[in-house]
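J.: sequence unknown, structure follows:
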């Protein structure tokens, strides 16, 4: 029973944090006025995509916490979540796609590091991060293109 309470806490922290960041740093008029590349997805896609990704992130964190609550894997998992939550305020809040590009590059590196650390210990946790890595690769390219087009 306790392990499922811990899962609930991970889901609440990750989903709740993600929703709070999304609510407080909406794209708004500034983003609407930016030039965007042809591969910019429609706005409606982001909420369901991030909801699914946040559930996967929470489950991977939970699995890692159950096996090793203190250690490198949890430190890297925590780092990726901090960087994830930092990107929107940097890009949308501060209107700094240039600085956000550094944040998202560090985020991608931390995601890849988490996958590498967990691969031989908990393949499921590592695999749960693969869609997240794919999305962040795409988001990095999108961030870079928006920054380049609006310099």
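T.: Looks like it arrived, so ask away. Every value quoted in this text rests on a predicted model; they were computed, and no experiment measured them.

J.: can you pull out the helices in this structure?
T.: Using DSSP state H, the helices of the chain run over residues 2-24, 28-33, 46-67, 72-88, 97-119, 123-128, 130-149.

J.: Could you export those to JSON lines, including columns for mean neighbour count?
T.: Any C-beta I mention is one placed from the backbone N, CA and C, and that applies to glycine too. Converted to JSON lines, these look like this (neighbours: other CB atoms under 10 Å):
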{"stretch": "helix 2-24", "mean neighbour count": "14"}
{"stretch": "helix 28-33", "mean neighbour count": "10"}
{"stretch": "helix 46-67", "mean neighbour count": "19"}
{"stretch": "helix 72-88", "mean neighbour count": "19"}
{"stretch": "helix 97-119", "mean neighbour count": "19"}
{"stretch": "helix 123-128", "mean neighbour count": "18"}
{"stretch": "helix 130-149", "mean neighbour count": "16"}
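
J.: Out of those helices, which is closest to residue 40?
T.: Comparison of the helices of the chain against residue 40 by CB to CB identifies helix 130-149 as nearest, at 6.3 Å.

J.: ok, and the closest non-adjacent residue to the spatially most central residue of the chain?
T.: Geometric centre of the chain, nearest residue: residue 84, 4.1 Å, by CA atoms, centre = their mean. Nearest residue to residue 84, sequence neighbours excluded (CB to CB, 6 or more residues apart in numbering): residue 107, at 5.9 Å.

J.: Check residue 52 too.
T.: Nearest residue to residue 52, sequence neighbours excluded (CB to CB, 6+ apart): residue 131, at 7.6 Å.

J.: hang on, the earlier thing: now do the residue nearest to the centre of the chain against residue 109, distance only.
T.: Distance from residue 84 to residue 109, counting by CB to CB, to the nearest Å: 13 Å.
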